[in-house]
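Enquirer: generate coordinates for the sequence data below:
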Amino acid sequence: MLDENSIDVILTDIVMADGDGIETIVKIRKSGNSVPIIAMSGGGRMKSDVYLGVAIHIGADITLNKPFEFQELVSAIEILCEPGNIRSIGS
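Expert: Numbering: from 1, shown residues only. Below you'll find the predicted structure:
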């Protein structure tokens, strides 16, 4: 999908019933794609901070701890879509 479409930002949950956000981030980064990634988590078997720390380590640009306010998501997207932004911000 990333190879065939212009995508500005990816938002992925870390713990999903039918997928794994960590695996998604790893695949995107291994492909060499630098699309900005926002990872979110409310926890699971571990606390959300652990999942989100791993997400930053493997290539997510910003993390959001669930639950979060809509404006937090909007602000994260705005930061990542700013021309000349510095990546790997991590919140």
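
Enquirer: quick one: residues contacting the closest residue to Gly42 other than its chain neighbours.
Expert: Residue nearest to Gly42 in three dimensions, not counting chain neighbours: Lys66, with 3.5 Å by C-beta to C-beta, 6 or more residues apart in numbering. For every residue, glycine as well, the C-beta is placed using N, CA and C. Each residue near Lys66 by C-beta atoms under 8 Å, 6 or more residues apart in numbering is listed here: Met40, Ser41, Gly42, Ser48.

Enquirer: what is the three-state secondary structure of Met79?
Expert: You called it Met, but residue 79 is Ile. At Ile79, secondary structure determined by DSSP: H, G, I helix; E, B strand; the rest coil is helix.

Enquirer: dihedrals phi and psi, Ala39?
Expert: Comment: the main-chain dihedrals of Ala39 come out as phi -110, psi 140, following degrees, to the nearest 10.

Enquirer: give me the buried subset of the contacts of Lys66.
Expert: Neighbour-count burial within these applies to Met40, Ser41, Ser48; the criterion is 16 or more other C-beta atoms under 10 Å.

Enquirer: contacts made by stretch 10-20 with the rest, please.
Expert: Stretch 10-20 is touched from outside by 21-22, 24-25, 28, 35-44, 48, 51-52, 55, 73, with contacts defined as C-beta under 8 Å, 6+ apart.

Enquirer: between the buried ones among the contacts of Lys66, which is nearest Glu82?
Expert: For the buried ones among the contacts of Lys66, the residue nearest Glu82 by C-beta to C-beta is Met40; the value is 20.1 Å.
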